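>>> Just a sequence and a predicted model for now, questions to come.
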Amino acid sequence: MRQAKRRIWAGVICEQVVYNLPDKARNIKDSQPQKPRFDSEEERQEHLLGISRRVHYRNFQANFGPTSLYYTLTFDVEHEIHDFIDARRIRNNFIKALKRAYPNAVIFCYMGRGKSTHRIHFHMVSEGIPEETIRKKWKYGTICRVSYLREHNYFEGVDRGQDYSGLANYLFDHWTQEQGGHRWYQTKNAKKPEAEPAKEVKVRGGYTKDRPPKAPKGYTLVDITATKYGCIHYIYVALPVKRKYTRRKNRSPDRFD
């Protein structure tokens with residue numbers, strides 16, 4: 001069995017994708033995983049959802065870091081809305097107002113309903129917009145929280161640095177059939193992940209879940225996802241930089257005779 005590997009860089013994340021190659025494949029650089037055959041429409045939708053989730057995660061990692069802000073926008077009684085057509089209009093107008101003030105800002109937005117209140121609200125993540133401007137421009141209700149993304153994210157006690165997979169998946173899952181359209185909105189100037197050309201794997205026995213590719217220098221393996229269609233995704237994150245502290249020598253106090 002022949003395999004190909006390609007690397008995708010997104011912020012502090014490096015994703016190495018390994019997939020099977022057809023025996024007759026020649027142009028390895030432009031090769032893609034074989035198209036899977038589905039037993040049902042449910043399987044097909046599940047596969048497409050996995051692709052969308054990975055695309056969102058890569059885009060999120062490529063654009064945001066500890067200088068980015070995460071905030072939740074709610075509507076008060078006076079401005080309350082009941083459908084996502086109105087919500088989409090308000091979202092677009094609000095983002096336009098932010099972009100007029102800061103044209104180079106990058107913004108991702110997600111719509112949803114509260115589990116208990118069933119009221120529509122927005123979650124947003126932005127880079128390049130100060131908190132004061134966000135609070136000034138939002139005139140439809142309350143901003144529940146405004147916080148910077150963490151520099152250190154811990155998963156099961158392990159420091160995975162600026163890996164925002166938890167937040168990215170939480171926001172991705174806010175979409176419902178009622179909303180229609182795309183799962184998230186991102187401004188056109190958002191950075192794209194950098195994908196390297198595929199290379200044929202030259203490792204005896206190939207790569208498996210138990211035998212991952214070597215981590216790039218300064219990176220550590222944090223996650224492995226294998227699909228039942230012969231594609232394995234290995235996620236590596238740049239190790240947090242450890243600050244060096246210099247220990248000061250104990251000095252005796254000056255003596256005065």
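On my side now, so go ahead. Numbering: from 1, shown residues only.
>>> Please work out which residues outside stretch 205-217 touch it.
Under the contact criterion Cβ atoms under 8 Å, 6 or more residues apart in numbering, stretch 205-217 has outside partners 1, 3, 5, 7, 14, 16, 18, 201, 203, 221, 224, 226, 232, 234, 236. Every residue, glycine included, has its C-beta placed from N, CA and C.
>>> tell me the pLDDT at D163?
According to the predicted model, the pLDDT of D163 comes to 95.
>>> Please verify my assumption that it contacts A10.
No - the pair D163 / A10 is not scored as a contact, 10.5 Å apart, by Cβ atoms under 8 Å.
>>> A238 pairs with what?
Per DSSP bridges, the residues bridged to A238 are Y219.
>>> ok, it - contacts?
Contacts of A238 (Cβ under 8 Å, 6+ apart): V12, I13, C14, G161, Q162, G218, Y219.
>>> from the chain's centre, how far out does the helix or strand bottoming out on mean pLDDT in the chain sit?
Taking mean pLDDT, DSSP states H and E as the measure, the helices and strands of the chain show their lowest mean at strand 158-159, namely a mean of 84. Strand 158-159 has its C-alpha centroid displaced from the chain centroid by 18 Å (Cα atoms, centre = their mean, to the nearest Å).
>>> Strand partners (parallel or antiparallel) of that strand?
Taking DSSP bridges as the criterion, strand 158-159 sits next to strand 154-155 (antiparallel) in its sheet.
>>> for the partner strand, what is the average pLDDT?
87.
>>> Give me the distance between that strand and the centre of its chain.
Using Cα atoms, centre = their mean, the distance between the centre of strand 154-155 and that of its chain works out at 15 Å.
>>> Which residues does that strand contact?
Outside of strand 154-155, the residues that reach it under the criterion Cβ under 8 Å, 6+ apart are R160, D163, G166, V222.
>>> Stretch 223-235 too?
Taking contacts as Cβ under 8 Å, 6+ apart, the residues outside stretch 223-235 that touch it are 13-20, 33-34, 36, 47, 50, 54, 163, 165, 207-209, 212-213, 221-222.
>>> ends of it, how far apart?
End-to-end distance for stretch 223-235: 5 Å, by Cα to Cα, to the nearest Å.
>>> In the longest helix seen in the chain, which residues are buried?
The single longest helix within the chain, with elements called by DSSP state H, is helix 41-63. For helix 41-63, a neighbour-count test (16 or more other Cβ atoms under 10 Å) marks R53, R54, H56, Y57, R58, N59, F60, Q61, A62, N63 as buried.
>>> In terms of distance to T133, which of those residues ranks first?
If you rank these by distance to T133 using Cβ to Cβ, N63 comes first, at 18.3 Å.
>>> rewinding a little: C-terminal to the longest helix of the chain, what's the next element?
strand 69-74 (DSSP states H and E).
>>> How about V106: what's its closest non-neighbour residue?
E127 (4.6 Å; Cβ to Cβ, 6 or more residues apart in numbering).
>>> can you tell me which residues contact that neighbour?
The neighbours of E127, taking Cβ under 8 Å, 6+ apart as the test, are N63, F64, G65, T67, S68, L69, A105, V106.
>>> What values do phi and psi take at the last one?
Spelled out, that is V106. The phi/psi pair for V106 (degrees, to the nearest 10) reads phi -110, psi 130.
>>> That one - how many residues pack around it?
The burial metric for V106, expressed as a neighbour count using other Cβ atoms under 10 Å, is 22.
>>> Surely it and G128 touch.
Yes - using Cβ under 8 Å, V106 is in contact with G128, at 6.4 Å.
>>> one step back: inside helices: which ones of the contacts of stretch 223-235?
Counting by DSSP H, the contacts of stretch 223-235 contribute H47, G50, R54, S165 to helices.
>>> ok, so what distance separates the residue lying closest to C109 once chain neighbours are set aside from Q179?
Excluding its sequence neighbours, the residue lying closest to C109 (Cβ to Cβ, 6+ apart) is Y185, at 4.4 Å. Y185 sits 11 Å away from Q179, going by Cβ to Cβ, to the nearest Å.
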